[in-house]
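Trainee: Build me a model:
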Amino acid sequence: MAQVFLGMSGGVDSSAAAVLLLERGYCVHGLHLSLLNTLPLPENCPPEDGSDARAVAQALELPFHDLDLSERFRQTVAAYFIREYEAGRTPNPCVFCNREIKFGAMWDAAQALGADYLATGHYANAARDPVSGRYLLRRGADRAKDQSYFLCRLTQEQLSHTLFPLGGLTKPQVRELAEARGLPTARKRDSQDICFVPDGDYAGLIARCVGHDSPVGPFLGPDGRVLGQHRGFVRYTKGQHKGLGLAIEPPLYVLEKDPAACAIRLGHNEELFTMEVVAGDWNWISIPTLTAPMEFTMKLRYSQKESPAIAEPLADGRVRLRLREAQRAVTPGQFAVLYDGENVVGGGVIEK
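Mentor: Numbering: from 1, shown residues only. This is a model prediction of the structure:
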């Protein structure tokens, strides 16, 4: 009987995934990750004890393992998060964490315990192309909850041993399943925040980690004049208007950030639209690499509606995306993810 180690966060999704895996005849082990023990979280942050995950494992009579990857998480995901913000970019820590921690370090630990497969409660699907032999990442059936965007950095090796039990279900179906089995997490609310920024104050977290507040500097207007002083370089992202503290009409928005000068350049809303994006550091999934211009649909952020674009390979491995529709506030540091129908073609880091 195949041994499946299921990442259990203590939410309804991973709980329902455990039920489905058992019904499919797998020997299921629950594996809970402790990730935040070495980070300076707010004092009112509840302890990360894995009690909900453990309760579900007990209810389903699963072997349960609690794995502390806090130091690894701090040195990889948290360090990346801080580094990107200080460099003037806007990171996506969930994408980074999936590759490095949840499907990286967690799989290493599961494999050492005898795992044949790793499973999670993500809304996505994995398959193998019978023609090319490549492992595919496919969108989940529930378009409103599809998480394939966040999984765009998974490698062929990682996909080869990964199961997504919820890929064919909608969120209401998952809750119904959990309630029918009497699971203690059936009515638990979904988490909306970045797990290591539970209060939403990411600038405060960065300050506690590095030991000082983010440096202040000038707001520069469209003509280069200093309009005032901002409250900290990491507190702003491209396209932002709220919170600038400037009573100027017509309203101004963040256009660019200059880490060397600690300056933030502001401009008008129409300046935020572009018809071309360049992204690098690509992870290709459904194809080995991009060798010629091709048309796909794309997302430049998770919440964005897909839109068509021509992906053109550049000599240095980067890709130029020529957009069919202008996009607003395309943000360096975020991920451009390409889709070919249901399949994720690949994902790269937006540079400009």
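Trainee: mind listing the strands for the stretch 101-250 of the chain?
Mentor: For the stretch 101-250 of the chain, strands defined by DSSP state E, counting those that start in this stretch occupy the ranges 117-119, 124-128, 135-139, 162-163, 218-220, 226-229.
Trainee: between those strands, which gets nearest to residue 281?
Mentor: Among the strands of the stretch 101-250 of the chain, strand 135-139 comes nearest to residue 281, with 17.3 Å by Cβ to Cβ. Backbone N, C-alpha and C define where each C-beta goes, glycine included.
Trainee: now the angle between strand 124-128 and the closest one, please.
Mentor: Interaxial angle, strand 135-139 versus strand 124-128 (axes from the mean of the first three to the mean of the last three Cα atoms, to 10 degrees): 150 degrees.
Trainee: one step back: ranking the strands of the stretch 101-250 of the chain by burial, who's on top?
Mentor: Neighbour counts (mean count of other Cβ atoms under 10 Å) averaged over each of those peak at strand 117-119, with a mean of 23.
Trainee: That one: partners in the sheet, and parallel or antiparallel?
Mentor: The strands beside strand 117-119 in its sheet (DSSP bridges) come out as strand 3-7 (parallel), strand 162-163 (parallel).
Trainee: Need those in CSV (columns: mean pLDDT).
Mentor: Listed next are these as CSV, based on pLDDT from 0 to 100:
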stretch, mean pLDDT
strand 3-7, 98
strand 162-163, 98
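Trainee: Let's have the strands of the stretch 101-250 of the chain in TSV, adding distance to residue 188.
Mentor: What follows is the strands of the stretch 101-250 of the chain, written out as TSV (distance: least, Cβ to Cβ, whole Å):
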stretch	distance to residue 188
strand 117-119	19
strand 124-128	21
strand 135-139	25
strand 162-163	22
strand 218-220	42
strand 226-229	43
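Trainee: Select, out of those, the one closest to residue 154.
Mentor: The nearest among those, by Cβ to Cβ, is strand 135-139 at 6.2 Å.
Trainee: Quick one: list the elements packing against the longest helix anywhere in the chain.
Mentor: Looking across the chain with DSSP state H, the single longest helix is helix 12-23. Judged by 3 or more Cβ pairs under 8 Å, 6 or more residues apart in numbering; DSSP states H and E, helix 12-23 is in contact with strand 3-7, strand 27-34, helix 51-59, helix 171-180.
Trainee: if we go to 10 Å?
Mentor: Other elements packing on helix 12-23 under the criterion 3 or more Cβ pairs under 10 Å, 6 or more residues apart in numbering; DSSP states H and E are strand 3-7, strand 27-34, helix 51-59, strand 117-119, strand 162-163, helix 171-180.
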